[in-house]
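Student: Dropping the sequence and predicted coords here.
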Amino acid sequence: MKTDESYIESVKKQFLYYKMLGEKAIEQLEPEQLFVSVNEDTNSIATIIKHISGNMLSRWTDFLTSDGEKEWRNRDSEFENDLQSKEEVLEIWSKGWDCLENALNSLKPEQLSDIIYIRNEGHTVIEAINRQLAHYPYHVGQIVFYAKQLKKSSWESLSIPKNKSGNYNAEKFAKEKEIKNFTDDELKKLQ
């Protein structure tokens with residue numbers, strides 16, 4: 001596989017990994033917990049999701065041909081919680097991720113060095129992807145952290161469980177060396 005093709009496949013897997021982490025955190029909560037905000041400067045999980053989705057729809061719609069900050073986007077409204085149910089939250093979550101996935105699936109390796117714009121600032125396609133690959137995991141981390149705080153019963157770990165690093169490493173080092181994406185095994189565990 002060529003490096004450019006490998007890059008595209010790698011970022012697809014990484015985005016999927018963080019999508020699944022967010023979903024596994026959300027699954028552990030009661031519906032009303034998605035709307036909890038501890039103070040006026042803190043966003044609820046629903047609001048974080050609304051923001052991620054708004055960003056994704058803006059960035060990935062017509063990804064190669066129009067500015068990533070669409071005129072129709074109202075970023076400030078993403079932080080107003082008008083979602084009423086867990087179903088609405090999951091619908092908006094899926095809409096954003098579907099838009100991202102469709103854009104990545106249509107991307108060709110030779111387009112990675114093309115220039116696209118976000119707020120009139122030029123980025124190569126690789127830079128734009130990397131920018132979002134930093135942004136979305138940042139917010140998914142907020143979701144996971146907040147979900148752990150809100151969970152009323154025991155938390156099902158989404159990564160290496162507390163005090164289990166030794167077991168995890170022993171299992172990894174018991175296998176032969178191989179070249180693969182770190183998400184391959186992690187995605188299997190999360191499914």
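Tutor: Now that the structure is in, tell me what you want to look at.
Student: what about the helices in this protein?
Tutor: Using DSSP state H, the helices of the chain run over 3-27, 45-60, 86-106, 125-150, 165-173, 183-190.
Student: now what about the shortest one, what contacts it?
Tutor: Outside helix 183-190, the residues that touch it by Cβ atoms under 8 Å, 6 or more residues apart in numbering are 13, 14, 16, 17, 20, 21, 24, 158, 159. (C-beta placed from N, C-alpha, C; glycine too.)
Student: Next one: the residue nearest to residue 114 when sequence neighbours are not counted, what pLDDT does it get?
Tutor: Ranked by Cβ to Cβ, 6 or more residues apart in numbering and with sequence neighbours excluded, the top spatial neighbour of residue 114 is residue 125, at 5.2 Å. Residue 125 carries a pLDDT score of 98 in this model.
Student: on that earlier part again, out of the contacts of helix 183-190, which comes closest to residue 178?
Tutor: Taking Cβ to Cβ as the measure, residue 178 sits nearest to residue 13 out of the contacts of helix 183-190, at 15.3 Å.
Student: Could you report the neighbour count for the closest one?
Tutor: Residue 13 has 16 neighbouring residues, counting by other Cβ atoms under 10 Å.
Student: Then residue 23?
Tutor: 17.
Student: Would you mark the buried spots in stretch 86-104?
Tutor: Neighbour-count burial for stretch 86-104 flags 86, 89, 90, 92, 93, 96, 97, 99, 100, 101, 103, 104 (criterion: 16 or more other Cβ atoms under 10 Å).
Student: model confidence over that stretch, on average?
Tutor: pLDDT averaged over stretch 86-104 gives 98.
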